[in-house]
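In: only geometry, no sequence info:
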């Protein structure tokens, strides 16, 4: 089919799905590449657009208390969305409140339970499950931590199943062995770390600071109840479980509720206060660079339907986005 009559494949530079998968929206997101943004064309995205995205990310960071404003570059034209690459990226201002609430506890639990089940039979289901879900969590985390191309905080939703399953499985396994000292110490450590990290994350946004103290204190009290021993003390068991639930879900539940009542627009939504989304496309007037977009309806050939085209012309380099 002639290029002029092909359906537009969003994000590609030549209207082919393969280019989308292996180019701008595929491997270039991981390894970086020449096409820094949508429809970059052979010459990549003009520097002005990259600058506009960076400025918008900074404005969003100021409003949300830490979205994308990291000083480092994640590589590529839009690396500033995710801050500097490295193993700590998922705990940074850009990603911390989006994915890392239970990540420290999941990592501690994964290491502890794999060690406790190391000599189990080859068919041990607990270890097999942890290798599956823990592997999901670790592989996704490493990819997001070291991505060199465009990365948005909402990408980390990919990690949610792995974190949830790993944390849940390890807590259940350790709880069943709570009569032993090592599982009890690990559970107490997970509780303190989770409460402390929730304290840090909630205080990053200056939103509902009382929740930070609730999570931290509950985590410490839950750890104390676990270390005191639970055998024969029903009230202590109930109290420890209740405090652990408060520790684990104070921040996440509050953010989920705030997200549910917040209107989200644009292409880069984030969870929690100030996470309404990033523009309606490019930043600026009317959803594009200031004064840069003009909406016009064009008549395509008879075999194709009408579409909207937005065209912005930079210094010698046109950028066309169609849908």
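Out: Perfect, thanks for sending it. Just so you know, these numbers come straight off a predicted model, no measurement behind them.

In: May I ask which helix or strand encompasses residue 255?
Out: helix 234-260 (DSSP states H and E).

In: Now do that helix: which elements does it pack against?
Out: helix 181-204, helix 209-228 (3 or more C-beta pairs under 8 Å, 6 or more residues apart in numbering; DSSP states H and E). No exception for glycine: its C-beta is placed from N, CA and C like everyone else's.

In: Turn these into TSV, including distance to residue 98.
Out: Formatted as TSV, the helices and strands packed on helix 234-260 follow (distance: least, C-beta to C-beta, whole Å):
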stretch	distance to residue 98
helix 181-204	10
helix 209-228	17
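
In: still on that earlier bit, pull out the buried residues from the helix holding residue 255.
Out: Judged by neighbour count (16 or more other C-beta atoms under 10 Å), helix 234-260 contains these buried residues: 236-237, 239-240, 243-244, 246-252, 254-255, 258-259.

In: got the angle between that helix and helix 181-204?
Out: 30 degrees (axes from the mean of the first three to the mean of the last three C-alpha atoms, to 10 degrees).

In: got the angle between helix 234-260 and helix 209-228?
Out: Using the same axes, to 10 degrees: helix 234-260 against helix 209-228 is 150 degrees.

In: if we compare the helices and strands packed on helix 234-260, which one ends up closest to residue 110?
Out: Among the helices and strands packed on helix 234-260, the nearest to residue 110 by C-beta to C-beta is helix 181-204 (10.7 Å).

In: Now the terminal residues of stretch 118-125, how far apart.
Out: 12 Å (C-alpha to C-alpha, to the nearest Å).

In: you'd agree residue 244 is up against residue 222?
Out: Yes. The pair formed by residue 244 and residue 222 meets the contact definition of C-beta atoms under 8 Å, at 4.5 Å.

In: Quick check: mean pLDDT of the helix holding residue 255?
Out: Here helix 234-260 scores 87 as its mean pLDDT.

In: now stretch 14-30
Out: Mean predicted lDDT for stretch 14-30 stands at 78.

In: May I see the buried residues of that stretch?
Out: Per 16+ other C-beta under 10 Å, stretch 14-30 contains these buried residues: 15, 19, 20, 23, 24, 25, 26, 28, 29.

In: where do the strands sit along the chain?
Out: In the chain, the strands defined using DSSP state E lie at 294-298, 307-313, 318-322.

In: For residue 154, list the residues it contacts.
Out: By C-beta atoms under 8 Å, 6 or more residues apart in numbering, residue 154 lies in contact with 98, 268, 269, 270.

In: Run a quick neighbour tally on the second one.
Out: By other C-beta atoms under 10 Å, 20 other residues sit near residue 268.

In: Just list the residues touching residue 228, thanks.
Out: Residue 228 touches residue 236, counting by C-beta under 8 Å, 6+ apart.

In: Tell me how far it lies from residue 195.
Out: 17 Å (C-beta to C-beta, to the nearest Å).

In: Any regions of this protein where pLDDT drops low?
Out: 1, 3, 6-8, 10-11, 13, 33-82, 230-232, 266-267, 274-323 (pLDDT under 70).

In: where exactly do the helices run in it?
Out: Using DSSP state H, the helices of the chain run over 17-22, 27-31, 47-64, 96-99, 103-116, 125-146, 160-176, 181-204, 209-228, 234-260.

In: Name the residues that touch the shortest one?
Out: Yep, that's helix 96-99 we're talking about. Contacts with helix 96-99, where a contact means C-beta under 8 Å, 6+ apart, come from 66, 90, 153-154, 156-157, 159-160, 163, 200-201, 204-205, 255, 270-272.

In: Separate out the buried members of the residues you listed.
Out: Judged by 16+ other C-beta under 10 Å, buried ones among the contacts of helix 96-99: 66, 90, 153-154, 156, 159, 163, 200-201, 204-205, 255, 270-272.

In: So which of those is the closest to residue 136?
Out: Of the buried ones among the contacts of helix 96-99, the one sitting nearest to residue 136 (C-beta to C-beta) turns out to be residue 159, at 7.8 Å.

In: Tell me who's in contact with the closest residue to that closest one other than its chain neighbours.
Out: Spatial nearest neighbour of residue 159, excluding adjacent residues (C-beta to C-beta, 6 or more residues apart in numbering): residue 140 at 4.6 Å. Listed by C-beta under 8 Å, 6+ apart, the contact set of residue 140 reads 156, 158, 159, 162.

In: In space, what's closest to the second one - neighbours in sequence excluded?
Out: It stands for residue 158. Per C-beta to C-beta, 6+ apart, closest to residue 158 is residue 140, 5.3 Å.

In: coming back round to it: now the helix holding residue 255 against helix 103-116, angle please.
Out: 130 degrees.

In: tilt between helix 234-260 and helix 160-176?
Out: Using the same axes, to 10 degrees: helix 234-260 against helix 160-176 is 170 degrees.

In: From here on, call the first residue 810.
Out: Let's use 810 as the start, then, which means that last one is helix 1043-1069.

In: Next, the contact list for the residue lying closest to residue 898 once chain neighbours are set aside, please.
Out: Leaving aside its sequence neighbours, residue 898 sits nearest to residue 954 (C-beta to C-beta, 6+ apart; 4.6 Å). By C-beta under 8 Å, 6+ apart, the contact list for residue 954 reads 894, 895, 896, 897, 898, 899.

In: Thank you kindly, that will do.
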